[in-house]
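Novice: using only what follows, build the 3D model:
(one chain, ligands or ions: 2)
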Amino acid sequence: MNDEQRSLLLELSSRFSPPQGVKLSYGTAGFRADASLLESTVYRVGILAALRSLKTGAVTGLMITASHNQISDNGVKVADPSGGMLTQHWEPFADSIANAPDSSSLVQLIEAFVKKENILLDGKDVAEVLLGRDTRPSGSSLLEAAKQGVASIARATAVDMGVVTTPQLHWMVRAKNKCMEASEPNYYAQLSGSFRCLLELVPQGSLTSSTDDKLVVDGSDGVGGEKLETLKSMLNDTTIEVRNSGNGVLNDGVGADYVQKEKVVPRGFDTADVGLRCASLDGDADRLVYFFLEPNNTRIQLVDGDKIMALFALFIQEQLSVLNKNEDLTVSRSHQARIGVVQTAYANGASTQYLKHLGLEVVFTPTGVKHLHEKAAEFDIGIYFEANGHGTILFSETYISCLEDMNNDLQSTSRGSERHKAASRLLSVGKLINQAVGDALSGLLLVEAILKHFGWSIHRWNELYHDLPSRQLKVKVADRYAVVTANAETVVVKPLGLQEVIDAEIAKYNHGRCFIRPSGTEDVVRVYAEANTQESADALANSVAKLVEQILGSSSA
Ligand SMILES: CC(=O)N[C@H]1[C@@H](OP(=O)(O)O)O[C@H](CO)[C@@H](O)[C@@H]1O
Ligand SMILES: [Mg+2]
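Specialist: Ligands and ions are numbered 1, 2, ... in the order given. Predicted coordinates:
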């Protein structure tokens, strides 16, 4: 590092002092905290995003959001050049610079890291970071801090993409690095174009009734509602009604996280909506769940990420079986896609059973898209979903080019045949569904297209399988990191003896399943329980929560 670069870093970083007595961790999805604590963190992540761009010779992204957290929180995460999450082996560096006590220790850490990673700060390479933020009021000042962070690395440029959904920013990073047009209008054009293709290929006779046509969407009073309005106008769609699109308080009694965890009707919905197909986005629109209201009840029937995954898997399987029909086996061998589904321990046990029953390979990873995405990318077609509605379908580049070849062949030999349509549908899915990260808007359009394809109502879809009763609780403890887990978070290895007492509780219930883990986005330990009745699931979750509190001590202790 030359003197000029060192003094630039020292000068700019001295303007952003880290908060006292706070330990920051990159966590499940970047740094999150009360927004007032985050200026120096966002500044330092700006430096990191610029270094990552220099290291890879490609564009990176920086997103300012705290997703489903309360409005006073904020957060920051980095998009890697692929459009996916920051490579995990840079997370320790993120943690160490975020917690550096002053400018000189920060600069020392950076110097050591660029040396280790062989990043040429004095070379000719340039860096580019796309910046995005959600609608939180703290977003604009944090964005300024991010810009200063990028500007602290000579020859690094920040490009402000404005208020965007998290998946839009990831999509833009990916597109830019593939030398494609990467603006917001390009994003809408790709989604609406591929959605229209899927609708044109809906089999005749699959028409749904006009009540099944209507969809009401809860935008969580975040960025997603407003973006969906734009998408809707591009589609000339009159069947989608958007509510909670920014006039109320973000994530307050609304949104995908609230609806999925509490299983109650979100603000802005009432008895007039009974039976209608409804959906909820989260605060930064990377999660999607569906639901419908039951008559005379404040509770809802939740159609969660697991069931979205089941619907996607069924559709993909159907297209693959049509495509491979009557194919000469020796020729088709190269066309047979290896399809896999990826879940976490939060997936409802009934969904796992259903997917296995479809003959699919089911794999489990720890919580967090960074883990699921990586696993799904090992398949030709990898479908991943968290129960909370974050997920997508990944198509390998090799399989996409194979599909393109097949589609071209079929276009000339049997245009309009069932096999040709199946190939075209799969190619459209690959364009519609975000290949960088889970995306509520593209997921929503795919669900809508598939329901039309099958001619299904939300009720018919919900009947694919019946969820096992479950309960999720949060426990505030003195130090959540005292809990260490293994086996995709299903077993507690620390503190010693805790797993044994949890096992003893589970043994008291029919079909009981329960696990705990420290949250990576909130200062809590999460408890998840499943059993054959709701009362049992509640009782199991409650008793394990009490044990956790006893053993780990409450937060004020
Ligand atoms: C149980 C649960 O829903 N956990 C969520 C939540 O992570 P935690 O580490 O559990 O706080 O936020 C993550 C980011 O949105 C999401 O990936 C994850 O699934
Ligand atoms: Mg989110």
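Novice: contacts, neighbours, all on C-alpha from now
Specialist: Fine.
Novice: quick check: residues of the chain near ligand 1?
Specialist: Contacts of the chain with ligand 1, taken as C-alpha under 6 Å from any ligand atom, map to 28-29, 367-369, 386, 388, 519-522.
Novice: out of those, who has the most neighbours?
Specialist: For the residues of the chain next to ligand 1, the largest number of neighbours (other C-alpha atoms under 10 Å) sits with E386, at 26 neighbours.
Novice: and the pLDDT for that one?
Specialist: The confidence metric pLDDT takes the value 97 at E386.
Novice: for T352, see how far away it is.
Specialist: Using C-alpha to C-alpha, to the nearest Å, E386 is found at 12 Å from T352.
Novice: can you tell me the residue of the stretch 251-400 of the chain closest to ligand 1?
Specialist: G368 (3.8 Å; C-alpha to the nearest ligand atom).
Novice: ah, wrong one, I meant the chain
Specialist: G520 (3.4 Å).
Novice: thinking that residue is in contact with T28, fair?
Specialist: Yes. Under the criterion of C-alpha atoms under 8 Å, G520 makes contact with T28 at 4.5 Å.
Novice: and the nearest residue to the residue of the stretch 251-400 of the chain closest to ligand 1 once chain neighbours are set aside, how far from Q343?
Specialist: With C-alpha to C-alpha, 6 or more residues apart in numbering as the measure, T28 is the residue that lies nearest to G368, at 5.4 Å, once sequence neighbours are left out. In this structure, T28 and Q343 are 15 Å apart, going by C-alpha to C-alpha.
Novice: swap in E418?
Specialist: Following C-alpha to C-alpha, the distance that separates E418 from Q343 is 31 Å.
Novice: give the contact list for V363.
Specialist: Contact criterion C-alpha atoms under 8 Å, 6 or more residues apart in numbering gives 340-343 as the residues in contact with V363.
Novice: same deal with E128?
Specialist: Listed by C-alpha under 8 Å, 6+ apart, the contact partners of E128 are 50, 53, 58-60, 156-159.
Novice: and with 6 Å instead?
Specialist: Contact partners of E128, counting by C-alpha atoms under 6 Å, 6 or more residues apart in numbering, are 59, 156-158.
Novice: tabulate these (JSON lines), appending neighbour count, pLDDT and secondary structure.
Specialist: What follows is those, written out as JSON lines (neighbours: other C-alpha atoms under 10 Å; pLDDT from 0 to 100; DSSP: H, G, I helix; E, B strand; the rest coil):
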{"residue": "V59", "neighbour count": "28", "pLDDT": "98", "secondary structure": "coil"}
{"residue": "A156", "neighbour count": "21", "pLDDT": "97", "secondary structure": "strand"}
{"residue": "T157", "neighbour count": "18", "pLDDT": "97", "secondary structure": "strand"}
{"residue": "A158", "neighbour count": "23", "pLDDT": "98", "secondary structure": "strand"}
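Novice: closest one of those residues to K261?
Specialist: V59 (35.8 Å; C-alpha to C-alpha).
Novice: just give me the neighbour total for whatever residue of the chain ends up closest to ligand 2.
Specialist: Nearest to ligand 2, among the residues of the chain, is S67, at 3.9 Å (C-alpha to the ion). For S67, the neighbour count with other C-alpha under 10 Å is 28.
Novice: assign a three-state SS to it, would you?
Specialist: coil (DSSP: H, G, I helix; E, B strand; the rest coil).
Novice: if I look at it, how far off is A279?
Specialist: Between S67 and A279 the distance is 17 Å, computed by C-alpha to C-alpha.
Novice: doesn't the residue nearest to G368 lie inside a helix?
Specialist: No. Read with three-state DSSP, T28 is coil and lies in no helix.
Novice: wait, what's in contact with S428?
Specialist: S428 sits next to S194 when contact means C-alpha under 6 Å, 6+ apart.
Novice: which segments of the protein make up each domain?
Specialist: The chain is divided into the following domains under automatic domain parsing: 3-163, 200-303, 306-462, 470-552.
Novice: turn those domains into TSV, columns for distance to C179.
Specialist: Below are the domains of the chain laid out as TSV (distance: least, C-alpha to C-alpha, whole Å):
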stretch	distance to C179
domain 3-163	11
domain 200-303	24
domain 306-462	15
domain 470-552	34
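Novice: so which helix or strand of the protein has the lowest pLDDT on average?
Specialist: Taking mean pLDDT, DSSP states H and E as the measure, the helices and strands of the chain show their lowest mean at helix 329-332, namely a mean of 46.
Novice: am I right that S140 sits in a helix?
Specialist: Yes. With the criterion set as three-state DSSP, the secondary structure at S140 is a helix.
Novice: nearest spatial neighbour of it, skipping sequence neighbours?
Specialist: The shortest distance from S140 to any non-neighbouring residue, by C-alpha to C-alpha, 6+ apart, is to R133 (7.8 Å).
Novice: one more: K356?
Specialist: The nearest residue in space to K356 (C-alpha to C-alpha, 6+ apart) is V362, at 6.7 Å.
Novice: and Q317, how many neighbours?
Specialist: Q317 is flanked by 17 other residues according to other C-alpha under 10 Å.
Novice: okay, it: pLDDT?
Specialist: 97.
Novice: pretty sure it belongs to a strand, no?
Specialist: No. When three-state DSSP is applied, Q317 is found to be helix, with no strand at that position.
Novice: V342 belongs to a strand?
Specialist: Yes. Counting by three-state DSSP, V342 is found in a strand.
Novice: quick one: pLDDT of it?
Specialist: 98.
Novice: report the separation between R155 and R287.
Specialist: Distance of R155 to R287, computed by C-alpha to C-alpha: 35 Å.
Novice: which one's more surrounded, the two?
Specialist: In terms of neighbours (other C-alpha under 10 Å), R287 is the more surrounded of R155 and R287; the figures are 30 against 17.
Novice: relative to D306, how far out is the more buried one?
Specialist: Counting by C-alpha to C-alpha - R287 and D306 are separated by 12 Å.
Novice: same thing with E128?
Specialist: When distance is defined by C-alpha to C-alpha, E128 is 37 Å away from D306.
Novice: got it, and L446?
Specialist: When C-alpha to C-alpha is the yardstick, L446 and D306 sit 15 Å from each other.
Novice: and those two? which has more neighbours close in?
Specialist: D306 (28 against 23).
Novice: what is the neighbour count of the residue nearest to the more buried one when sequence neighbours are not counted?
Specialist: With sequence-adjacent residues excluded and distances taken as C-alpha to C-alpha, 6+ apart, D306 is closest to A387, at 5.1 Å. A count of neighbours around A387, defined by other C-alpha under 10 Å, yields 26.
Novice: for A488, phi and psi?
Specialist: When read as degrees, to the nearest 10, the backbone of A488 gives phi 50, psi 40.
Novice: that one and T367 touch, don't they?
Specialist: No. When contacts are counted by C-alpha atoms under 6 Å, A488 is not listed as touching T367 (7.8 Å).
Novice: ok, V341 - contacts?
Specialist: 362, 382-384.
Novice: out of those, give me the one that has the most neighbours.
Specialist: Result: Y384 is most packed of these (other C-alpha under 10 Å), 33 neighbours.
Novice: who touches stretch 248-268?
Specialist: The contact list for stretch 248-268 (C-alpha under 6 Å, 6+ apart) reads 71, 220-222, 280-282, 289, 299-300.
Novice: give me the more crowded residue out of E418 and Q343.
Specialist: Comparing E418 with Q343 by neighbour count (other C-alpha under 10 Å), the higher total belongs to Q343, at 29 against 16.
Novice: got phi/psi on the nearest residue to the more buried one once chain neighbours are set aside?
Specialist: For Q343, the nearest residue in space outside its immediate sequence neighbours is F364; the separation is 5.0 Å by C-alpha to C-alpha, 6+ apart. Torsion angles at F364 (phi, psi; degrees, to the nearest 10) stand at phi -110, psi 140.
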